[in-house]
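A.B. asks: Please find the sequence and the predicted model below.
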Amino acid sequence: MSFCFNFDVQVQATNPDDVDRDDLQKVKDTAVKPTEGIPEPAEPVKEAKEHHPPSDPHFLLVDAVPETVNIGTLPPLHFLNETVFEKTSTEREDEEKILSRTVEQRSDLISGVYEGGLKVWECTYDLLELIEKDVETFGGKTVLDLGCGAGLLGILALKRGAGEVHFQDYNSTVIEQVTVPNVMLNCQDDDVDSEEDNEGKAKGKKQKEDGCKKKLTEKQEERDGKPPPKKRALDISQHPLLAKCRFFSGDWSTFLDLVIKEDPQPKYDLIFTSETIYNTSYYPSLHDTLHRLLAPDGLVYLATKSHYFGVGGGLHLFETFVGEKGIFSIDHLWDGEEGLQRHVVGLRFKGKGI
């Protein structure tokens with residue numbers, strides 16, 4: 001959606017002269033003791049639940065208008081066009097009523113009600129570019145896309161051979177109407193690489209040969225009067241990549257309570273989270289979730305802006321909060337220098353280097 005947060009100051013402001021001085025003073029005052037006087041979320045805590053893809057998922061992709069992200073050597077990532085949700089909000093299932101409310105209020109954030117999951121935010125692309133540059137490998141790893149929204153980060157891990165990928169977003173509507181359909185879109189992709197990253201050229205050669213055989217088979221079937229596989233009713237629900245996925249909605253605290261009851265309790269080798277530290281009231285539950293669910297040698301990738309005007313959160317406040325807790329070390333993996341500064345940082349348990 002082409003909306004913005006209900007910020008007191010526009011996000012695009014990059015010159016201090018363009019920013020309300022009272023707002024900047026509030027930031028400075030908050031930065032002194034970020035853990036004191038943290039406001040409580042405006043809405044009741046949203047209970048977590050797991051979502052299972054429908055047994056007949058094709059209706060989710062009817063009239064879908066996909067977009068594709070292509071970054072360097074990364075596999076193409078497909079996702080549903082955001083403006084379609086704005087135009088078809090009244091036709092979609094939405095028990096939370098977030099689609100209509102975001103259209104009415106022209107906002108990408110209604111705190112405690114809708115947390116921005118319909119939009120792909122800028123920092124997600126920053127993190128994708130960093131992964132491409134650093135050649136992060138996923139073979140066999142367990143991955144959590146926390147605050148996933150469109151799910152592009154988790155989908156990349158899936159296409160790069162992760163053993164298991166879990167997607168979590170605050171809103172059930174986002175999971176059901178955006179995340180699950182996006183995963184299915186990418187399951188349909190002929191170029192999905194569902195094996196480990198480092199199997200080398202022999203694998204690439206085999207895929208090329210298999211692709212040629214597949215095309216020949218499709219041409220033969222067309223001559224025989226049979227539609228090629230993509231034109232048949234593809235049973236996406238049985239796709240091997242989808243079998244590696246789990247989907248959750250709800251507040252981070254209730255999500256944590258839900259998954260730690262499992263036996264064995266999941267531990268994630270990699271946790272991706274992008275544009276999730278804009279509200280300081282969420283820091284305790286976010287930190288606790290990362291603390292309890294990250295594997296001992298795991299890594300958290302956090303992509304964020306330096307400050308979220310009007311909401312009050314940002315990297316400096318979060319780093320201060322994390323420092324006070326004394327659980328994680330933070331390393332800056334990438335720092336943007338233009339406009340409203342954006343960053344990608346890595347969190348590991350103290351004593352574990354990045």
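C.D. replies: Okay, I see it.
A.B. asks: What about the residue lying closest to residue 342 once chain neighbours are set aside, how many residues nearby?
C.D. replies: Leaving aside its sequence neighbours, residue 342 sits nearest to residue 336 (CB to CB, 6 or more residues apart in numbering; 4.2 Å). Heads up, the C-betas are built off the backbone N, CA and C, glycines and all. The number of residues packed near residue 336 is 15, by other CB atoms under 10 Å.
A.B. asks: One more: residue 102?
C.D. replies: For residue 102, using other CB under 10 Å, the count is 23.
A.B. asks: so when I look at it, I'm seeing a helix, right?
C.D. replies: Yes. Counting by DSSP: H, G, I helix; E, B strand; the rest coil, residue 102 falls inside a helix.
A.B. asks: any idea how far it lies from residue 287?
C.D. replies: As for residue 102, its distance to residue 287 is 28 Å (criterion: CB to CB, to the nearest Å).
A.B. asks: Also residue 117?
C.D. replies: 21 Å.
A.B. asks: More neighbours: these two, which one.
C.D. replies: With neighbours defined as other CB under 10 Å, residue 117 and residue 287 compare such that residue 117 has more, 24 against 20.
A.B. asks: List the contacts of the closest residue to the more buried one other than its chain neighbours.
C.D. replies: Closest residue in space to residue 117, ignoring its immediate chain neighbours: residue 174 at 3.5 Å, by CB to CB, 6+ apart. By CB atoms under 8 Å, 6 or more residues apart in numbering, residue 174 lies in contact with 98, 117-118, 149, 249.
A.B. asks: now do 7 Å
C.D. replies: Residue 174 is in contact with 117-118, 149, counting by CB atoms under 7 Å, 6 or more residues apart in numbering.
A.B. asks: Dihedrals phi and psi, it?
C.D. replies: phi -60, psi -50 (degrees, to the nearest 10).
A.B. asks: Then the one 5 residues further on?
C.D. replies: The phi and psi torsions at residue 179 (degrees, to the nearest 10) take the values phi -60, psi -50.
A.B. asks: Pull up the per-residue confidence for it.
C.D. replies: As predicted, residue 179 sits at a pLDDT of 94.
A.B. asks: ok, the spatially closest residue to it that is not a sequence neighbour to residue 313 distance?
C.D. replies: In space, and not counting its chain neighbours, residue 179 is closest to residue 151: 4.4 Å by CB to CB, 6+ apart. In this view, residue 151 and residue 313 are 22 Å apart by CB to CB.
A.B. asks: Those two: who's more crowded?
C.D. replies: residue 151 (32 against 23).
A.B. asks: wait, what's in contact with the more buried one?
C.D. replies: Here residue 151 is in contact with 145, 167, 179, 182-183 (CB under 7 Å, 6+ apart).
A.B. asks: do residue 68 as well
C.D. replies: 76-78.
A.B. asks: Equivalent analysis for residue 61, please.
C.D. replies: Counted by CB under 7 Å, 6+ apart, residue 61 has contacts 181, 184-185.
A.B. asks: Let's see that with 6 Å instead.
C.D. replies: Contact analysis of residue 61 by CB atoms under 6 Å, 6 or more residues apart in numbering lists residue 181.
A.B. asks: What distance do you get for it to residue 182?
C.D. replies: 10 Å.
A.B. asks: And residue 267, by the same measure?
C.D. replies: For residue 267, the distance to residue 182 - CB to CB - is 25 Å.
A.B. asks: and if you look at residue 176?
C.D. replies: For residue 176, the distance to residue 182 - CB to CB - is 11 Å.
A.B. asks: More neighbours: which of the two?
C.D. replies: Set residue 176 next to residue 182 and count neighbours by other CB under 10 Å: residue 182 wins out with 27 against 22.
A.B. asks: Once you drop chain neighbours, what's closest to the more buried one?
C.D. replies: Nearest to residue 182 is residue 79, by CB to CB, 6+ apart, at 4.7 Å.
A.B. asks: hang on, the one you found packs against residue 150?
C.D. replies: Yes. Under the criterion of CB atoms under 6 Å, residue 79 is in contact with residue 150, at a separation of 4.7 Å.
A.B. asks: Next, show the common contact partners of the two.
C.D. replies: Common neighbours of residue 79 and residue 150 (CB under 6 Å, 6+ apart) are residue 182.
A.B. asks: Comparing the two, which residue is more hemmed in?
C.D. replies: residue 150 (29 against 23).
A.B. asks: Show me where the stretch 151-300 of the chain has its helices.
C.D. replies: In the stretch 151-300 of the chain, the helices defined using DSSP state H, counting those that start in this stretch lie at 152-159, 172-174, 180-187, 200-223, 252-259, 283-293.
A.B. asks: packing partners for the last one?
C.D. replies: Counting by 3 or more CB pairs under 6 Å, 6 or more residues apart in numbering; DSSP states H and E, the packing neighbours recorded for helix 283-293 are helix 252-259.
A.B. asks: now the helix it packs on and helix 283-293, what's the angle there?
C.D. replies: 20 degrees (axes from the mean of the first three to the mean of the last three CA atoms, to 10 degrees).
A.B. asks: List the buried residues for helix 252-259?
C.D. replies: Buried residues in helix 252-259, counted by 16 or more other CB atoms under 10 Å: 252-256, 258-259.
A.B. asks: Going by distance to residue 92, which of the residues you listed wins?
C.D. replies: Relative to residue 92, the closest of the buried residues of helix 252-259 is residue 255; by CB to CB it sits at 23.6 Å.
A.B. asks: Pull up the pairing partners for the longest strand seen in the chain, direction included.
C.D. replies: As assigned by DSSP state E, the longest strand anywhere in the chain is strand 294-305. If you go by DSSP bridges, strand 294-305 pairs up with strand 268-274 (parallel), strand 342-349 (antiparallel).
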